[in-house]
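Colleague: sequence first, then the predicted structure, then my questions.
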Amino acid sequence: MEHPENDSKFAGLAVNSGVEQPPSVNPYMKARRRRRLLSAGEYVEGILRGDITILSQAVTLVESHNPEHEAVAQEVIEKCLPHSGNSIRIGITGVPGAGKSTSIDVFGLHVLKQGGKLAVLAIDPSSERSKGSILGDKTRMEKLSVHPDAFIRPSPSAGSLGGVARKTRETIVLCEAAGFDKIFVETVGVGQSETAVHSMVDFFLLIQLAGTGDELQGIKRGIMEMADGIVINKADGDNVDRANLAATQFRNALHLFPLPPSGWAPRVLTYSGYYEIGIAEVWQMIYDYFDFVKKNGYFQEKRRQQELYWMYETINEKLRDNFYQNPAIEEMLAAKQQLVLGNKQSSFVAAHEVLDRYFTLLHSR
Ligand code: GDP
């Protein structure tokens, strides 16, 4: 190619021809075909066979908002239900930095030593805000992520907490049907998500750190009340004394709570996920709990109550969606919002008018 800049009047300037760039689109690549949706029966058959690829695809289906996918997903879940339930489900919570990933990696290897299969799921309703789930990064669990008997699945992408949690719960069903007999459900200990996790697990583990002074600061009483075990992480090096002190303070605080309905008095232990100190003791506590609640019947009772909880949660979620996604209601709400903000109508009257309209719409169908 000729470069006019190379003319002698531009002395001192030399422009070389560039190198021809290859096309940015590979012409040899065939157009990717969309993956065919399997039938519900094919998914179920694959899941029961323990086929991880099909399990993953089915979980993606469960997470989908596409109505066609949802319909197949519901059928798959329904068919997997009779094969589910045979597992121990453990919720793990703690603030970011408490050491959840490090601990789950170590806990996971510990439980897998005795055989079986482990699924690690997560509930992180904030994942859309933080762009890319904080709980989604598989490399956080380095050893588990390459373990042949572990299945790690990040949180379903954001939606309402109820929706995200329901999907995780449905994923538990699929994992159990695929032969996973140990389920960890991880959540960030910062808000409402604990309640959701608590309502889908058998044992709820709260990971804490020894703080500086006021150990109980920032821990919501409600979260402590939910815990079946509190473990103080990072009890290593010169942090051991502080961890022990924190443990004592937690034990004292727990004494003030009434005994939970399980009859199990929550225990407090210290450990180090990073240095793998005290891991067996943490798990002995968890196994003791399962022995205890299986003997006194609470294990089954709690699972039954959880079924009811999720029935109502699902109803609430569907009602809410149906209401807020109705175009006439959306429009009316926008108008009412202005009235309420402008002090022209009370929130109570506005709410009733919108609800009346909704019920009229329902009846006129
Ligand atoms: P997460 O946010 O709760 O998942 O916490 P991580 O597992 O990512 O851990 C947060 C930080 O604490 C990392 O830098 C870890 O290396 C460190 N950490 C985790 N467990 C321990 C432990 O037992 N002892 C010490 N000293 N550090 C730890």
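Modeller: Looks like it came in fine. Residues are numbered from 1 along each chain as shown.

Colleague: who's in contact with the residue lying closest to G278 once chain neighbours are set aside?
Modeller: Distances taken as CB to CB, 6 or more residues apart in numbering place Y271 nearest to G278, at 3.3 Å, with adjacent residues excluded. No exception for glycine: its C-beta is placed from N, CA and C like everyone else's. Shown in contact with Y271 (CB atoms under 8 Å, 6 or more residues apart in numbering): S103, V231, I232, N233, A235, I277, G278, I279, E281, V282.

Colleague: so the second one lies in a strand, does it not?
Modeller: Yes. Under DSSP: H, G, I helix; E, B strand; the rest coil, V231 falls within a strand.

Colleague: settle this for me: it is touching L209, isn't it.
Modeller: No. The pair V231 and L209 fails to qualify as a contact (CB atoms under 8 Å) at a distance of 10.2 Å.

Colleague: quick one, which of these two is more surrounded?
Modeller: Comparing V231 with L209 by other CB atoms under 10 Å, the one with more neighbours is V231, at 31 against 19.

Colleague: and the nearest residue to the more buried one once chain neighbours are set aside, which of the three is it?
Modeller: Closest residue to V231 apart from its sequence neighbours, by CB to CB, 6+ apart: L269 at 5.2 Å. Counting by three-state DSSP, the backbone at L269 sits in strand.

Colleague: list the contacts of stretch 303-318.
Modeller: Against stretch 303-318 from outside (CB under 8 Å, 6+ apart): G85, S160, G162, G163, A165, R166, R169, S199, M200, D202.

Colleague: and the residue nearest to the fourth one when sequence neighbours are not counted, its phi and psi?
Modeller: Distance criterion CB to CB, 6+ apart; nearest residue to G163, sequence neighbours excluded, is E317 at 6.0 Å. Reported as degrees, to the nearest 10, the phi and psi values for E317 are phi -60, psi -40.

Colleague: burial measure for E317, as a count.
Modeller: Count around E317 with other CB under 10 Å applied: 18.

Colleague: repeat that for G108.
Modeller: Neighbour count of G108, defined by other CB under 10 Å: 23.

Colleague: for it, give me its contacts.
Modeller: Contacts of G108 by CB under 8 Å, 6+ apart are L118, V120, M141, K143, L144, H147, A150, F184.

Colleague: how near is A280 to D321?
Modeller: Distance, A280 to D321, by CB to CB, to the nearest Å: 46 Å.

Colleague: ok, the spatially most central residue of the chain - contacts?
Modeller: The structure's the chain has its C-alpha centroid closest to I123; by CA atoms, centre = their mean the separation is 1.6 Å. By CB under 8 Å, 6+ apart, the residues touching I123 are L135, S155, L161, V164, A165, T168, V185, E186, T187, S193, A196, V197.

Colleague: need the pLDDT of it.
Modeller: Looking at I123, its pLDDT is 85.

Colleague: ok, now L109?
Modeller: Model confidence at L109 (pLDDT) stands at 97.

Colleague: which ones are touching it?
Modeller: L109 touches K143, L144, H147, counting by CB under 8 Å, 6+ apart.

Colleague: could you do L121 as well?
Modeller: By CB under 8 Å, 6+ apart, the contact set of L121 is R153, S155, T168, T171, I172, C175, I183, F184, V185, E186.

Colleague: not counting its neighbours along the chain, what's nearest the second one?
Modeller: To tie it back to what came earlier, the one meant is S155. D124 is the one closest to S155 (CB to CB, 6+ apart), at 3.8 Å.

Colleague: which of the contacts of stretch 303-318 count as buried?
Modeller: Among the contacts of stretch 303-318, those buried by neighbour count (16 or more other CB atoms under 10 Å) are G162, G163, A165, R166, R169, S199, M200, D202.

Colleague: the ligand contacts on the protein?
Modeller: Contact residues (CB under 6 Å from any ligand atom) of the chain with the ligand: 94, 96-102, 233-234, 236, 272-275.

Colleague: which ones among those residues map onto strands?
Modeller: Among the residues of the chain next to the ligand, the members falling in strands (DSSP state E) are G94, N233.

Colleague: just the residues of the chain next to the ligand now: which is nearest M332?
Modeller: Nearest to M332, judged by CB to CB, of the residues of the chain next to the ligand is P96 at 40.2 Å.

Colleague: please verify my assumption that that closest one contacts E186.
Modeller: No. P96 is not in contact with E186 according to CB under 8 Å; the separation is 11.5 Å.
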